[in-house]
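1. Below is the sequence, then the predicted model.
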Amino acid sequence: MLPTSFYLDCDTPTIARRLLGKILVCETDAGITSGIIVETEAYLSSGDPASHSARGKTKRNACMFGPPGTSYIYISYGVHYCMNVVCQPAGIGEAVLIRALEPVEGIELMRSRRGHRPEKELTNGPGKLCQAMGIDLALNGHDLAFSPLYLLDGPPPAQIGCSGRIGISVGRDLPLRFYVVGNKFVSRSPRH
């Protein structure tokens, strides 16, 4: 499992790139699901109007402020769970949104949770991957070095792309979205 030291020696955009190729695993009573991280977005504590920490610490975003290597999970639009990896020392509200996975284990379980959609559509978005893997608010603040939700090491991708972020109204043009070039599970092609 990825140790806390993985998050301590570089900035959040670098960690967002380094998370590509790592494996996210979730163990539930229904079974184990896992996937290779193929798309991430960095959210910063300053100069980033789209970050949940832009206006300071609140009850909702408290987990985003550390410690590093823990999860920050929130509900988007009152419907979808989204999972982030907190990646800076406690007190600094920065995290990496996990935007898409390439399914590896528990694909049939993912499919049942996602309404029997095609494999390509199981985890190609932050809300989709949380639904497919059974990730919800009960795992908010969880240490990602331990079961039931954890990260494993994996090989870095051959080519990493960078673009503006997706699905936000401010800070869209900041080059803080990273993805595995050519991977069919990436949520969508970059804007040009």
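-> In hand now; what should we look at?

2. any weak-confidence spans in this protein?
-> Along the chain, the model assigns pLDDT under 70 to residues 190-192.

3. Have a look at the chain and report its longest strand.
-> Looking across the chain with DSSP state E, the single longest strand is strand 31-43.

4. what about the strands in this protein?
-> Along the chain, counting by DSSP E, strands occupy 23-28, 31-43, 71-76, 80-86, 95-105, 145-146, 149-152, 160-163, 177-180.

5. ok, back up a step: what strands line up against the longest strand of the chain, and which way round?
-> Using DSSP bridges, the neighbouring strands of strand 31-43 in the sheet come out as strand 23-28 (antiparallel), strand 95-105 (antiparallel), strand 177-180 (antiparallel).

6. From the chain's centroid, how far away is that strand?
-> 6 Å (Cα atoms, centre = their mean, to the nearest Å).

7. Begin at 40 from now on, thanks
-> Sounds good: first residue 40 from here, last item strand 70-82.

8. Buried residues of it, list them for me.
-> Judged by neighbour count using 16 or more other Cβ atoms under 10 Å, the buried positions of strand 70-82 are 72-82. C-beta here means a position set from N, CA and C on the backbone, and glycine is covered the same way.
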